[in-house]
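>>> I'd like to go over a predicted model; first the sequence, then the structure.
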Amino acid sequence: MDHNISLITTLAAGFGIALILGFLAERIRVPALVGYLVAGIIIGPGTPGFVADVQLASQLSEIGVMLLMFGVGLHFSLDDLLAVKRIAVPGAVVQMGLATLLGMAVAWGWDWSWGSGLIFGLSLSCASTVVLLKALESRGVLESMNGRIAVGWLVVEDLATVLVLVLLPPLAGVLGGSEAAHAAAAKPLWITIGQTLLQVGAFLALMLIAGRRVLPWMLWQVSRTGSRELFTLAVVASAIGIAYGAAALFSVSFALGAFFAGMVMRESEFSHRAAEESLPLRDAFSVLFFVSVGMLFDPAILVEQPWHVLAVLAIIIFGKSVAALALVLAFRYPLNTALIVSASLAQIGEFSFILAGLGLSLGLLPAEGMSLVLAGALISIALNPVLFATVEPVRKWILQRSEFARSLDRRTDPYAELPMSTERKYLEGQVVLVGYGRVGKRIASALGACRTLGVESENAPRRGQFLPDSHPHSGAMGQDDGKKGAAAAHSQPTIPKSDRLLEARGIPYVVAEQNRELVEKLRKQGVAAVSGNAADPAVLIQAHIAEAAMLVVATPDPLNVRQMAETARTLNPDIELVLRTHGEDESLMLRKEGIGTVFFGEEELAKGMAGYVLQRFAPQPNSPSGSSATA
């Protein structure tokens, strides 16, 4: 039979060649996505041989972007975005403006019109959220404070780019576009702007008001059927359906529609399961995104206009990075945060293609400009993992050789040290709690209200003095431990909100947290807190680690846990260390080295559940044979 199988051939060629080249890239210690990009070039129209369907590949990659942004929304709540708004909003706006001006300046040197330069500069100003997420996930820092700032920054960029995409057609006539663009600009500009704001506002209101109720309810109803495939279908249908509806009804991009769908679904108790079920599809279609980027690239541009390509790369990799570095440091964030945000922005991606394509269709951007944007995207995406890998070495090199950089670390920050009025109980024998996220908050609540649980404040631990059985999870879980854990779980009273922050009634503790806004709130609530990355010795010193009884690391950043532990032991050899890990290999390594008491999330959950089961089936005192009795 004669069938049109362009979809099958595109998928087979894309996945097959991407697998081979991705594997080879990993073997030579190059990120796999470089192999995916090269696979796209091989099956694209710019190289001889087999040519896949470019339009189909582009649509398939859009699905990957939707699913990936949906996954981000599942892990990035509105509170997370608001927590970094002070740096993400002004930083993204100013950085986009500077990058646009650089692009316009270069285009002016090439004798392009100012309208063409504006579109070209805007295309170079917006980084790829897909590339950033891949880089952060591969390093395990997506949920860290630095990761939240970087993602929040790019979300603001995406929102700004959506506004540009809506306003560009009516402005095309003013910018010097084609005759068709002049005809399309008949509607007054203020009406277009008003409609855009109303559409975006209506979509956000619908998602935050109705969506928060409908999506969790729908997942609950589907989960009651007990069908795994129906649950997976509900998750995928929600992500893609809402993304399409946002674009069709409210003129919001697919990516942002899926992002807000994930944010709303995060309110459901099934959010973790939804993330797990959609992960295979997200990974598969994200590969197609990189393949489709490679298919759009014409290698001839590297030979015909090499200096133009170098100018584009200079703007993307150096211009945007330096601007972001200066902005983050101006907001008094650590050098490590500034370098991570800079590396995050040193690439362009999906929105750049959309902007350049729209400019090309409106007669604002020449075909040469589209090729240069694609060349800059391809090379910057390939180099971005390398830039991320150099963040920590560059940071150490700068601090060793630059007095100015060291002065930035020593600069006066009202939240980088405890106030002079801090009580002595927070300066000696206290617990230093690193991280105030979901886990850190619960630890702080338990410490602050421990008197209500029967632990008097005079029994708070001092250096070398700890309560009996204070580390039941560091070794094997026996039946007695299970009884204690289950009994504690059932006997623990509800902690009143007013008691949670009354350290005088519990164990004194000091919070070390990277989020300055959160530290500010904690200070207003009477909590002793310092701002900064606890991997920096100066932050632990300001938390008075030298006189502390215990260091509790509750942060989800696995890269700095060891560094925090080593710094604490150097400053205080007798300190007790309690560390949180995310990986089984990491937890085993830390336990083998004897650095401290290590908690691995899945393991602790299993111990708690096993302890409850053992307690429920424990031999009863009146059972002469010792046989198990059920409740």
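Great, that's in hand. Residues are numbered from 1 along each chain as shown.
>>> What's the mean pLDDT across the one helix or strand residue 605 maps to?
If you go by DSSP states H and E, residue 605 is part of helix 601-616. For helix 601-616, the mean per-residue pLDDT is 78.
>>> Counting by contacts, list what it packs against.
Here helix 601-616 is seen to pack against helix 479-491, helix 584-593 when contacts are counted using 3 or more Cβ pairs under 8 Å, 6 or more residues apart in numbering; DSSP states H and E. For glycine as for every other residue, the C-beta is placed from the backbone atoms N, C-alpha and C.
>>> buried residues in it?
607, 608, 610, 611, 612, 614, 615 (16 or more other Cβ atoms under 10 Å).
>>> for stretch 514-523, same thing?
Neighbour counts using 16+ other Cβ under 10 Å place 514, 515, 516, 517, 518, 519, 522, 523 of stretch 514-523 among the buried residues.
>>> Let's verify the most centrally placed residue in the chain: helix, strand, or coil?
Central residue of the chain (Cα atoms, centre = their mean): residue 142, 3.5 Å from the mean position. The three-state assignment at residue 142 reads coil, by DSSP: H, G, I helix; E, B strand; the rest coil.
>>> Hmm, residue 132 and it touching each other?
No: using Cβ atoms under 8 Å as the test, residue 142 is too far from residue 132 to be in contact (9.2 Å).
>>> what about the helices in the stretch 1-150 of the chain?
Shown for the stretch 1-150 of the chain, the helices assigned by DSSP state H, counting those that start in this stretch span residues 6-27, 32-42, 54-75, 78-83, 85-109, 114-125, 129-138, 145-175.
>>> Could you identify which of the ones you listed has the lowest mean pLDDT?
Taking each of those in turn, the one with the lowest mean pLDDT is helix 78-83, at a mean of 68.
>>> Just the ones of the buried residues of stretch 514-523 in strands?
Residues of the buried residues of stretch 514-523 located in strands (DSSP state E): none.
>>> Now for residue 319: which residues touch it?
Residues touching residue 319, when contacts are defined by Cβ atoms under 8 Å, 6 or more residues apart in numbering, comprise 98, 99, 102.
>>> dump the residue contacts of residue 561.
So, once contact is read as Cβ under 8 Å, 6+ apart, residue 561 ends up touching 553, 555, 579, 580, 581, 586, 590.
>>> picking that back up, rank the helices and strands packed on helix 601-616 by pLDDT, which is bottom?
Out of the helices and strands packed on helix 601-616, the stretch the model trusts least by mean pLDDT is helix 479-491, with a mean of 37.
>>> thinking again about what came up before, most neighbours, which of the contacts of residue 319?
Comparing these by number of neighbours (other Cβ atoms under 10 Å), residue 99 comes first, having 25 neighbours.
>>> which residue sits closest to that one, ignoring its sequence neighbours?
Counting by Cβ to Cβ, 6 or more residues apart in numbering, residue 99 lies nearest to residue 125, which is 3.7 Å off, once chain neighbours are set aside.
>>> coming back round to it: pipe the contacts of residue 319 into TSV and attach distance to residue 65 per row.
Converted to TSV, these look like this (distance: Cβ to Cβ, whole Å):
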residue	distance to residue 65
98	26
99	22
102	26
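>>> Kindly indicate which of the residues you listed lies nearest residue 543.
Of all the contacts of residue 319, the one sitting nearest residue 543 is residue 98; the distance, using Cβ to Cβ, is 36.2 Å.
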